[in-house]
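S.K.: Sequence first, predicted model second:
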Number of protein chains: 2
Amino acid sequence: MNNKRQILIDTALNLFYEKGINSIGINEILKVSGIAKKTLYHHFESKNALVLATLEQRNNTFIEWLEYILGDPKTDNEVVEKLFNGLTNWFSNSETELGDFRGCFFINTSAEFRDPGSEISLYCQYHKQQVRALIAKYLSNPSDDYLDAICILKEGAITSAYVANDFSAAKKCIQILDKF
Amino acid sequence: MNNKRQILIDTALNLFYEKGINSIGINEILKVSGIAKKTLYHHFESKNALVLATLEQRNNTFIEWLEYILGDPKTDNEVVEKLFNGLTNWFSNSETELGDFRGCFFINTSAEFRDPGSEISLYCQYHKQQVRALIAKYLSNPSDDYLDAICILKEGAITSAYVANDFSAAKKCIQILDKF
DNA sequence: ACAAAGGTAGACCGAATTGTCTACCAATGA
DNA sequence: TCATTGGTAGACAATTCGGTCTACCTTTGT
């Protein structure tokens, strides 16, 4: 039964995203999910393997959300507006698919796993590539400069919202890109 | 002798910044510094207190570095160029005062300590305010919009460099701000 | 010279960490 | 009906965590 495997991933992702991966022990995931330790280690080789599974799940959720909110835009300006308005909604916990905002799970995870060559760090990098490629797909004229600007501002908005508590950062990005 | 207190802060900051705060135990700091546990707890109430001391030290170092690289600029464009060229140098480990680049210590620490109301999270927020105020001081016409753009792009550049491995992000920010 | 004070060493503590092991239980196929 | 298979339960182990405690040693004031 793959049911328990999925329950473990869901529970772990919720806890990891809310409290941080290094702050959550295996035992807490087991206690919350009501699943036994041996079962976890039957499905996953180690805690790291479980972490990777939660990263994959979050990546899928985020990509699907992004495709959904971008809809089918008429202009590049519309892409920008939809993207950054979506971020603003995320920051204020209005995007239920993404859960309560605690920054970007991949930025946070990169910060916890500092070894740049580790599988986990590389997956975080991969996620950012995927998001960039998806945004490019929605732009009619995906010049590298414009795409770079959007992506850098996107990271800046998420970080400013999380660390500096500036929830209006994403809205400001739309203005900046207007003049680009 | 306050000497040992300073050695503890230096050692802890190096280890924390390189490996992450939650990945470094008290015992490792003691082993590396050659100082006994009782001495540490004589100078600091807890690990958290030591963490706060390292945040303060890093904040001072970063602010001093920023003042140094900004020099006395003639134009606002010069401020932007000096700031983002400085970031590029940091990313490529050419700014020795800042150590080997492992992202922003405050962003990383915010990611590790998720409780938004904790003293540690609040200090990270305070650091970002200080940096913003310093940049404002160097601008001749510190309109809020312009300052916002600089700060968001700065966060975006640091995050892009660290998570997505894009060391050219800061250079791109100069172009974006040119058109602002 | 000697007592008082405070810094230092590191053994020790209980709790929590990830991961292993044996025993069991339910379903399946012959 | 009964043996085999594979998922499950949770006790257990080894290590490491932050933090405390007693004993000592060095410095300082008189």
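M.R.: It's in.

S.K.: Which secondary structure state does A:E81 sit in?
M.R.: helix (DSSP: H, G, I helix; E, B strand; the rest coil).

S.K.: I'd guessed it sits against A:I174; true?
M.R.: Yes. Taking CB atoms under 8 Å as the definition, A:E81 is a contact partner of A:I174 at 5.9 Å. Backbone N, C-alpha and C define where each C-beta goes, glycine included.

S.K.: Any buried residues in the host helix or strand of A:T159, and which?
M.R.: Taking DSSP states H and E as the criterion, A:T159 maps to helix A:144-163. Residues A:146-163 are the ones in helix A:144-163 that count as buried (16 or more other CB atoms under 10 Å in any protein chain shown).

S.K.: For the helix ranked longest in chain A, enumerate the helices and strands it packs against.
M.R.: What stands out as the longest helix in chain A, according to DSSP state H, is helix A:47-70. For helix A:47-70, the packing partners by 3 or more CB pairs under 8 Å, 6 or more residues apart in numbering or on different chains; DSSP states H and E come out as helix A:3-19, helix A:76-91, helix A:105-112, helix A:119-138.

S.K.: what's stretch A:150-158 in contact with?
M.R.: A:80, A:83-84, A:87, A:103-104, A:107, A:128, A:131-132, A:135, A:169-170, A:172-173, A:176-177, B:151-157, B:159-160, B:163-164, B:169, B:172-173, B:176 (CB atoms under 8 Å, 6 or more residues apart in numbering or on different chains).

S.K.: if you set the cut-off to 6 Å instead, what comes out?
M.R.: Stretch A:150-158 is contacted by residues A:87, A:104, A:132, A:169-170, A:173, B:152-153, B:155-156, B:159-160, B:169 when judged by CB atoms under 6 Å, 6 or more residues apart in numbering or on different chains.

S.K.: same question, stretch A:17-33
M.R.: Here stretch A:17-33 has contacts from A:7-8, A:11-12, A:15-16, A:37, A:47, A:51, A:102, A:105, A:112, B:22, B:112, B:114, using CB under 6 Å, 6+ apart.

S.K.: swap in stretch A:80-90?
M.R.: Residues outside stretch A:80-90 that contact it (CB under 6 Å, 6+ apart): A:69-70, A:95, A:98, A:101, A:157, A:170-171, A:173-174, A:177.

S.K.: do that again at 8 Å, thanks
M.R.: Contacts for stretch A:80-90 (CB under 8 Å, 6+ apart): A:65-66, A:69-71, A:73, A:95, A:98, A:101, A:135, A:150, A:153-154, A:157-158, A:161, A:167-168, A:170-171, A:173-174, A:177.

S.K.: of all of chain A, which residue lies closest to DNA strand C?
M.R.: A:G25 (2.8 Å; CB to the nearest atom of the strand).

S.K.: Which pLDDT value belongs to that residue?
M.R.: We have a pLDDT of 95 for A:G25.

S.K.: Which single residue in chain A comes nearest to DNA strand D?
M.R.: Closest point on chain A to DNA strand D, by CB to the nearest atom of the strand, is A:K38, at 2.8 Å.

S.K.: Phi, psi for the residue of chain A closest to DNA strand C please.
M.R.: As for A:G25, its main-chain torsions (degrees, to the nearest 10) stand at phi -90, psi 160.

S.K.: Give me the neighbour count for the closest residue in space to A:I120 that isn't next to it in sequence.
M.R.: In space, and not counting its chain neighbours, A:I120 is closest to A:F113: 4.5 Å by CB to CB, 6 or more residues apart in numbering or on different chains. A count of neighbours around A:F113, defined by other CB atoms under 10 Å in any protein chain shown, yields 21.

S.K.: Work out for me the element the residue of chain A closest to DNA strand D sits within.
M.R.: Assigned by DSSP H and E, A:K38 falls in helix A:37-43.

S.K.: Put the alpha carbons of that helix into CSV.
M.R.: As requested, C-alpha coordinates have been extracted for helix A:37-43 and formatted as CSV (Å, rounded to 0.1, in the frame of the first residue of the first chain):
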residue,chain,number,x,y,z
LYS,A,37,9.5,3.9,12.2
LYS,A,38,10.1,0.6,10.4
THR,A,39,7.5,1.6,7.9
LEU,A,40,9.2,4.8,7.1
TYR,A,41,12.6,3.1,6.6
HIS,A,42,10.8,0.6,4.5
HIS,A,43,9.7,3.3,2.1
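
S.K.: and it, is it in reach of DNA strand C?
M.R.: Yes. Helix A:37-43 is in contact with DNA strand C by CB under 7 Å from any atom of the strand, via A:37-38, A:41.

S.K.: now do the same end-to-end measure for stretch A:66-78.
M.R.: End-to-end span of stretch A:66-78 (CA to CA, to the nearest Å): 14 Å.

S.K.: Buried ones in it, by neighbour count?
M.R.: Buried-residue list, stretch A:66-78, by 16+ other CB under 10 Å: A:66, A:69-70, A:73, A:76.

S.K.: what's the answer for stretch A:129-144, then?
M.R.: A:131-132, A:135-136, A:138-139, A:142.

S.K.: Keep the residues you listed, but drop any that are not near DNA strand D.
M.R.: Near DNA strand D, by the rule CB under 7 Å from any atom of the strand, you find none of the buried residues of stretch A:129-144.

S.K.: Which one of these is nearest to B:S121?
M.R.: Nearest to B:S121 among the buried residues of stretch A:129-144, counting by CB to CB, is A:V131 at 25.6 Å.
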